[in-house]
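Undergrad: Okay, predicted coordinates and the sequence, questions at the end:
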Amino acid sequence: MKKSIHPTYHSNATITCSCGAVLTTGSTQAEMTTEICSACHPFYTGKKKMIDTTGRVDRFKKLAEKSAVKKDAAKAKPAKVAKEKIEKKVEKK
């Protein structure tokens, strides 16, 4: 290896999670922070969390309802026009 081009290696680097867990590992950085770790991640803890911060599910449901209403209105409109034409023909006779 070439000298003076590699970063310094810290064998006791600490990783601090937002949940409070502290892990010790080897790294080129002495201290690191993370938002989630194996102590608080739902995959490792077995706890499932449903987070819908932006309301995507509700937005999708509203969009689906609007689409269904438009589809029903589009189906009903030709039938209504045809019914009116038939009624006009009957009135003329």
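TA: Great, that's in hand. Note that the structure is predicted; figures quoted are calculated from it, not measured.

Undergrad: top strand in this protein by residue count?
TA: strand 10-17 (DSSP state E).

Undergrad: in the protein, which spans are helices?
TA: Using DSSP state H, the helices found in the chain span residues 42-45, 56-92.

Undergrad: now for the last one, which elements pack on it?
TA: This means helix 56-92. With contacts defined as 3 or more C-beta pairs under 8 Å, 6 or more residues apart in numbering; DSSP states H and E, helix 56-92 has no helix or strand neighbours. To be clear about C-beta, it is placed using only N, CA and C from the backbone, and glycine gets the same treatment.

Undergrad: list the contacts for residue 40?
TA: 17, 18, 19, 21 (C-beta atoms under 8 Å, 6 or more residues apart in numbering).

Undergrad: The third one contacts residue 39, doesn't it?
TA: So the one you mean is residue 19. Yes - using C-beta atoms under 8 Å, residue 19 is in contact with residue 39, at 6.0 Å.

Undergrad: Would you mind grabbing the residues shared as contacts by those two?
TA: With C-beta under 8 Å, 6+ apart, residue 19 and residue 39 have no common neighbours.

Undergrad: the domain parsing of this structure - what is it?
TA: Domains of the chain are assigned by automatic domain parsing as 1-48, 50-93.

Undergrad: Could you identify which of those domains has the lowest mean pLDDT?
TA: The weakest mean pLDDT among the domains of the chain belongs to domain 50-93, with a mean of 76.

Undergrad: Could you measure from residue 23 over to residue 38?
TA: In this view, residue 23 and residue 38 are 8 Å apart by C-beta to C-beta, to the nearest Å.

Undergrad: Just want to know which of these two has more residues nearby.
TA: Using other C-beta atoms under 10 Å as the criterion, residue 23 and residue 38 rank with residue 23 on top: 14 against 11.
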